[in-house]
Structure formats: structure tokens, C-alpha cells
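Novice: Fold the following.
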Amino acid sequence: MTNAKIRLKVGSMELEYEGDPSFLTGGIETLLTTMGELSTRVPAEPTSAPTSAPVNVNAEPQIASGAANFSTNTIAAHLEAKTGPELIICAMANIELVQKKPSSTRAEILAEMKNATTYFNGNMVGNMGKNLSNLTKSKRINQVAKDTYALSATERKQVEAKVAEIG
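Specialist: Sure, this is the predicted structure:
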């Protein structure tokens, strides 16, 4: 099978495609039109950045300096956590933003919740499975493997913004 390869750059937008050539024959005109329209809405590239430097889409946003010292208790206080699901989000925020882990197991989340002694109560252990399921269904967290979770991109951005205000 023949693969097609194309790389387009319009303004500060860049698209690279490699795969089935039928995509290029069926949608290239629409793609170019859309990119042209979007290029007028996307800010121009900064002149100090090299034009060939790739953008790292996996780069972690910067959070407040000293964030490495934030406990789950501190995060819960600033996020005004009042329920089990909210404390799960705070525990996961600590694991992902402070401890810099990309995901966390159910056991790690529970251990971090227990560290938030001001907010944790014993009933949260029994409700954890239901709460994790509900948070996954509501797309606040993602289940990345069996009993392994990560904050969704949307939830992570919201939490990062609130954590950045703590500093």
C-alpha cells in the first residue's frame, strides 16, 4: 500500500499527515480552505522563536512557584473541597501537579486522600469506586488502565489555574 505524506504551514499553523492517499484526494481542498480561514484567527509566530522549532504539545503548563510544597490539604482548601469526588480531584491534582506523575492508581489516590486529614472521612473509602466511576462518566477524569486514572485535560487546566493562584 502506498502512503501519502504532506506537510503544510499556513502562518503559525503547521499540519503534517502521513497515511492513506484517499484523504488527500478527498479533503485537501477543504483542509486548505479551513487552514487559510483559521490562520487569520491564530496569532502570528513570535519573531524570536525559530520557525522550524516544533511545539511540544505535551509540555506541562507552569504552575505557581513552590507548588512542589503544596499538600492535598492545601489544594483541597483552595478548591473548597466538600465531597468525596472533590477530594479525589484534589488528591489527583497533588499526584499529577506536585509529584509530577502522569497518572495514579486507586491506591495512590486513596493514600493521598488520607493525607488530607482535614477533609478525609472514613465513608470516602466505601464510596471511592462509585465516585471514580461517576468522575469518569462525567469526563472529569480518564481511566487510563485498570484502577489507574488521570485528570482529564479540561479538569487539569481548571485545577492548574486554581493551584497557580495559591502561590
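Novice: Break down the chain into its helices, ranges please.
Specialist: 21-39, 72-78, 84-93, 106-115, 123-137, 153-164 (DSSP state H).
Novice: so what secondary structure elements neighbour the shortest one?
Specialist: So the one you mean is helix 72-78. In terms of contacts (3 or more CB pairs under 8 Å, 6 or more residues apart in numbering; DSSP states H and E), helix 72-78 is packed against helix 84-93, helix 106-115, helix 153-164. Backbone N, C-alpha and C define where each C-beta goes, glycine included.
Novice: Check what pLDDT the closest residue in space to Ala76 that isn't next to it in sequence gets.
Specialist: Excluding the flanking residues, the one nearest Ala76 by CB to CB, 6 or more residues apart in numbering is Cys90, at 4.3 Å. What the model reports as pLDDT for Cys90 is 94.
Novice: shouldn't Cys90 be in contact with Ser71?
Specialist: No. Using CB atoms under 8 Å, Cys90 is not in contact with Ser71, being 9.7 Å away.
Novice: sorry, back to before: okay, the helices and strands packed on helix 72-78, which one's buried deepest?
Specialist: Among the helices and strands packed on helix 72-78, the stretch with the highest mean neighbour count (mean count of other CB atoms under 10 Å) is helix 84-93, at a mean of 25.
Novice: which residues touch it?
Specialist: With contacts defined as CB atoms under 8 Å, 6 or more residues apart in numbering, helix 84-93 is touched by 72, 75-76, 79-81, 104, 109-110, 112-113, 115-116, 119-120, 123-124, 127-128, 131-132, 134-135, 140-141, 149-151, 155, 159, 163.
Novice: Which of the helices and strands packed on helix 72-78 has the lowest mean pLDDT?
Specialist: Of all the helices and strands packed on helix 72-78, mean pLDDT reaches its minimum on helix 153-164 (a mean of 89).
Novice: and that helix, C-alpha only, in CSV?
Specialist: Output in CSV follows, covering the C-alpha atoms of helix 153-164 (Å, rounded to 0.1, in the frame of the first residue of the first chain):
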residue,chain,number,x,y,z
ALA,A,153,-7.3,17.8,30.0
THR,A,154,-10.2,20.1,30.9
GLU,A,155,-10.2,19.3,34.6
ARG,A,156,-6.4,19.6,34.7
LYS,A,157,-6.5,23.1,33.2
GLN,A,158,-9.1,24.2,35.7
VAL,A,159,-7.2,22.8,38.6
GLU,A,160,-3.9,24.2,37.4
ALA,A,161,-5.4,27.6,37.2
LYS,A,162,-6.7,27.4,40.8
VAL,A,163,-3.4,26.0,42.1
ALA,A,164,-1.5,28.8,40.3
